[in-house]
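Trainee: Quick one, structure for this:
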Amino acid sequence: MIFFTCSIHRHKQAAVLSYPTLESAVDASNHYSYNSANSSDTTNTYIEISNWRRTLAQHIANDSAILSLVAFAHLLIPVSKHSPLVTLLKWSPSEAIVVHKYEGRMAIFGVVLHGGLHLVCGYWRWWNAFMLNDANDARDSSWMKRSFWYGYIPPVSCWKNVLYRSSSDNEYDFEPDFGEGCIHDGSPCKCYDFFVNLTGLLGLVALLILLFSSVGYVRRHFYRVFYVLHITTAAFFLLMATLHYNRTILYLCPSLLYYASTSIPTDIQAWLYRHRGQDTRILRITKVPCPTNERPDGSVLDITFEASLKAIQQYQPGNHCTVHIPQLSLVAHPFTVNKVLGYSNRLRLLIRETGPFTTQLGKLLDGKDKDNLESQTLPQITLPTIQINGFHGTAHRMEQLQKHDAVVVVAGGIGITPYLTMLMEIASKKSPLTKSVELHWICRERSLVRYIYDEYFSTMKESCIANSVKIIVHFTGDEAEEYSSSSRPMTFSVLSPNSIPMTPSYLSVGTREVVSHNLPPFATFLSIFSLGLASIWHCFTRVQSTESMAARSLVLVILSIISVGVSLMLNVWMSSERSTIANAEHKETTGSATYGSISNKDQAFGSKTNNFSYKLRNGGRPALSGLLSSLNGASDPAVFVCGPKEMMASVRGAVASSFTVYEEAFEN
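Mentor: Residues are numbered from 1 along each chain as shown. You can find the predicted model right below:
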């Protein structure tokens, strides 16, 4: 508001200097309106006021465009893969997404205001020329003689001029004159003006499509549509904006170069794995039936895969990986990853069947050798190529938890996944500040509660030797539901002959503890960023022109070639160096165990050992305010929450102002 207030005041003062009779004209405009009976003086006054208002609107439109370009300058930084800046700021994925969303809203606001005001001004010029200025008869020799929208469609001769401009003896090697008023009053209308209008209009339409496809309902229910439109319309808008304004690339270069330097190398690595047919080594898949009223055949999938030594060392509680199955979807989907207790070379994903992708993934197991589930050996199945890439997301959950003396964790349903490994870590490692951790898990699927208990909570009893950990499960499902054979988990062993252990990207910047290990990704980042910056500046100063659009797209092509070329060369070199290391790591980690054996698990609910307690409560959803009572009297309390948006909002409303809240949002 301050920006636009100052802009309006500044341009109004400039307009007063340009129109000497403006102040008296504005006062006079309050006493009459335009009609055919007005005198010539009245007509001139009306035109002068109209011109001033249109000029002021154009200035505000251009200022709003600068505002949007400033937002675009750092729009992609929060959502760049393996972003060292996000890691340095210790932002969680949800916090980074919030920053990205607000920057995007500011950018879209500026573009919509810019385009809307220019559309109004264009229509204003056309109306004055076509309907009011009969004496000048400007419409007889200009683009205005047809329709308002013809000012946004370049004539055929302009397209020919673009195609044949390099030929000096061609008849179209000229700038046709179509009259006046394409962009500014009194200025000759050339082909360049038509293309400015066209690229601006197309960019505005693309951005509006991006805006409406990004609403929460579309993201949650049509994620593939959201993702594809988000990428395609953003790329198209980038091209249109670069063509529309000569200086656009200077504003966009920080965001573009940062995104290209951090994301393109890891994308090329994933593409090389896919090209070689190397998928992640999936060891087993367990399907836990979790029927609900909305999905009677719903389930939760446990995908256990092998991880390299580097992956285990780099993993932090709260991390997530992306799962890409080309047979099911071209889009990679993010899921929280946890350790598998009892194995030092295994990680797991717990995935609820909700959207189209997870439902199709669950259907891959339907009818897979159910008759052999009672045998001693697991039934073996073959799955399509599955690529798991990581790590992404927050890496500071343990650090955040250990800063507080009392912590309450509130999780809803599958929202328990970000905290399973974190609870195991805090139970087995002494924290100097944290005295107690209390988990309240609200869940309506008894089979899921049983499975998580078997895999994590029962083992936690024996390993909880450091801090006080209290787990309370609030069962909100049917109390008469029995743990029958139909709700028993089905486990399958996966045959994956041409597979490798999941290994984090070796070109992600700032993810290694040893400085020397960060040199290759830093060299990649510096090479792409510096070469891209030099190319952008060279094209802007030596190649581009303020009156020609053809050369403006060249810089985007050069930047793409640099990003892909550098990433491809370093990926090929690094993959050959790392192949022998990965094989050695596989031999070291195979068969080793952590946290003790998991073969003998206590199945009893509500048992207590030392600092650990577990309770299962029936009776529906608890009052959220009562869940936080254990924080009373704490000097530095904190609340961790993950679940549906309604539950998270209720928790935020129940906490005191002195509490620190850490959110892990599944729905954005």
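Trainee: and residue 380, backbone torsions?
Mentor: With angles defined as degrees, to the nearest 10, residue 380 sits at phi -100, psi 140.
Trainee: Residue 244 reaches residue 199, doesn't it?
Mentor: Yes. Contact criterion CB atoms under 8 Å: residue 244 and residue 199 qualify, at 4.3 Å. Using the backbone N, CA and C atoms, a C-beta is placed for each residue, glycine as well.
Trainee: more crowded one of these two?
Mentor: Per other CB atoms under 10 Å, whichever of residue 244 and residue 199 has more neighbours is residue 244, with 24 against 20.
Trainee: so what pLDDT did that one get?
Mentor: On pLDDT, residue 244 comes in at 90.
Trainee: please renumber so the chain begins at 868
Mentor: Sure, I'll start counting at 868 from here, so that last one is residue 1111.
Trainee: Please list all residues in contact with it.
Mentor: 1063, 1066-1067, 1070 (CB atoms under 8 Å, 6 or more residues apart in numbering).
Trainee: would JSON lines of those with distance to residue 1152, secondary structure and pLDDT be doable?
Mentor: What follows is the contacts of residue 1111, written out as JSON lines (distance: CB to CB, whole Å; DSSP: H, G, I helix; E, B strand; the rest coil; pLDDT from 0 to 100):
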{"residue": "1063", "distance to residue 1152": "55", "secondary structure": "helix", "pLDDT": "86"}
{"residue": "1066", "distance to residue 1152": "49", "secondary structure": "helix", "pLDDT": "91"}
{"residue": "1067", "distance to residue 1152": "51", "secondary structure": "helix", "pLDDT": "90"}
{"residue": "1070", "distance to residue 1152": "45", "secondary structure": "helix", "pLDDT": "93"}
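Trainee: Quick check: the farthest pair among the residues you listed?
Mentor: Farthest-apart pair in the contacts of residue 1111 is 1063 and 1070; separation 10.8 Å (CB to CB).
Trainee: So these two - more neighbours on which side?
Mentor: A count of neighbours by other CB under 10 Å puts residue 1070 above the other of residue 1063 and residue 1070, at 25 against 20.
Trainee: shouldn't that one be in contact with residue 1102?
Mentor: No. Using CB under 8 Å as the test, residue 1070 is too far from residue 1102 to be in contact (11.5 Å).
Trainee: quick one: least confident helix or strand in the protein?
Mentor: Between all helices and strands in the chain, the lowest mean by mean pLDDT, DSSP states H and E belongs to strand 1475-1476, at a mean of 46.
Trainee: Which of the three states applies to residue 1144?
Mentor: State at residue 1144, reduced to three classes by DSSP: H, G, I helix; E, B strand; the rest coil: coil.
Trainee: per-residue pLDDT, it?
Mentor: Predicted confidence (pLDDT) for residue 1144: 71.
Trainee: Tell me, how many residues neighbour it?
Mentor: Using other CB under 10 Å, residue 1144 is surrounded by 9 other residues.
Trainee: contacting residues around the residue nearest to the spatial centre of the chain?
Mentor: The centroid of the chain falls nearest to residue 946 when counting by CA atoms, centre = their mean (5.1 Å). Residue 946 makes contact with 963-964, 967, 1126 under the criterion CB under 8 Å, 6+ apart.
Trainee: what about 10 Å?
Mentor: 953, 960, 963-964, 966-968, 970-971, 1126, 1130 (CB atoms under 10 Å, 6 or more residues apart in numbering).
Trainee: what's the answer for residue 1412, then?
Mentor: 1059, 1113, 1418-1419.
Trainee: List only buried entries from those residues.
Mentor: 1059, 1113, 1419 (16 or more other CB atoms under 10 Å).
Trainee: Please, which helix or strand holds the first one?
Mentor: When you say that, I think you mean residue 1059. Using DSSP states H and E, residue 1059 maps to helix 1058-1079.
Trainee: in the stretch 868-1017 of the chain, which segments are predicted with low confidence?
Mentor: Along the stretch 868-1017 of the chain, the model assigns pLDDT under 70 to residues 868-919, 992-1017.
Trainee: what do you get for the stretch 1318-1467 of the chain?
Mentor: Those would be 1329-1334, 1346-1354, 1376-1384, 1442-1467, if you go by pLDDT under 70 across the stretch 1318-1467 of the chain.
Trainee: What segments of it are helices?
Mentor: Assigned by DSSP state H, counting those that start in this stretch, the stretch 1318-1467 of the chain shows helices spanning 1325-1330, 1386-1405, 1421-1456.
Trainee: and residue 1413, which of those is closest to it?
Mentor: Residue 1413 lies closest to helix 1421-1456 among those, at 14.8 Å (CB to CB).
Trainee: So of the contacts of residue 946, which two are at opposite extremes in space?
Mentor: Among these, 968 and 1130 lie farthest apart (CB to CB), at 18.5 Å.
Trainee: Which one of those two is surrounded by more residues?
Mentor: Neighbour comparison, residue 968 and residue 1130: the larger count goes to residue 1130, with 19 against 14 (by other CB under 10 Å).
Trainee: which residues sit in contact with residue 1413?
Mentor: 1059, 1112-1114.
Trainee: gap between it and residue 1112?
Mentor: 10 Å (CB to CB, to the nearest Å).
Trainee: Tell me which other helices or strands the helix holding residue 1059 touches.
Mentor: With contacts taken as 3 or more CB pairs under 10 Å, 6 or more residues apart in numbering; DSSP states H and E, helix 1058-1079 sits against helix 960-994, helix 1023-1031, helix 1090-1111.
Trainee: so residue 1525, which of the three states?
Mentor: Residue 1525 is classified as coil under three-state DSSP.
Trainee: What residues are recorded as beta-bridge partners of the residue nearest to it when sequence neighbours are not counted?
Mentor: Take residue 1525 and drop its neighbours on the chain: the residue closest to it by CB to CB, 6 or more residues apart in numbering is residue 1504, 7.2 Å away. Beta bridges link residue 1504 to residue 1273, judged by DSSP bridges.
Trainee: Tally up the residues packed near residue 1504, please.
Mentor: Using other CB under 10 Å, residue 1504 has 20 neighbouring residues.
Trainee: one step back: including distance to residue 1166, could the contacts of residue 1413 go into JSON lines?
Mentor: JSON lines is the format used below for the contacts of residue 1413 (distance: CB to CB, whole Å):
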{"residue": "1059", "distance to residue 1166": "59"}
{"residue": "1112", "distance to residue 1166": "52"}
{"residue": "1113", "distance to residue 1166": "55"}
{"residue": "1114", "distance to residue 1166": "54"}
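Trainee: Run the chain-centre distance for stretch 1284-1294.
Mentor: 26 Å (CA atoms, centre = their mean, to the nearest Å).
Trainee: on that earlier part again, overlap in contacts, residue 1063 and residue 1070.
Mentor: With CB under 10 Å, 6+ apart as the test, residue 1063 and residue 1070 both reach 1110-1112.
Trainee: I'd like the residues you listed laid out as CSV, including distance to residue 1495.
Mentor: As requested, those are exported to CSV (distance: CB to CB, whole Å):
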residue, distance to residue 1495
1110, 55
1111, 52
1112, 52
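Trainee: Which member of these is positioned nearest residue 938?
Mentor: Nearest member of the shared contacts of residue 1063 and residue 1070 to residue 938, counting by CB to CB, is residue 1112, at 14.9 Å.
Trainee: Skip the chain neighbours and tell me the closest residue to the closest one.
Mentor: residue 932 (7.3 Å).
Trainee: ok, now how distant is the one you found from residue 1121?
Mentor: 17 Å.
Trainee: Over to residue 1519?
Mentor: Distance from residue 1519 to residue 1121, by CB to CB: 33 Å.
Trainee: Between the two, which has more neighbouring residues?
Mentor: Between residue 1519 and residue 1121, counting by other CB under 10 Å, residue 1121 is the more crowded of the two (17 against 14).
Trainee: Check which helix or strand that one maps to.
Mentor: Counting by DSSP H and E, the element that carries residue 1121 is helix 1115-1142.
Trainee: Going by contacts, tell me the helices and strands next to that helix.
Mentor: helix 907-939, helix 951-956, helix 1090-1111, strand 1187-1191, strand 1254-1259, helix 1386-1405, helix 1421-1456.
Trainee: do you know which of the ones you listed lies nearest residue 1323?
Mentor: It is, among those and with distance given as CB to CB, strand 1187-1191, at 17.7 Å.
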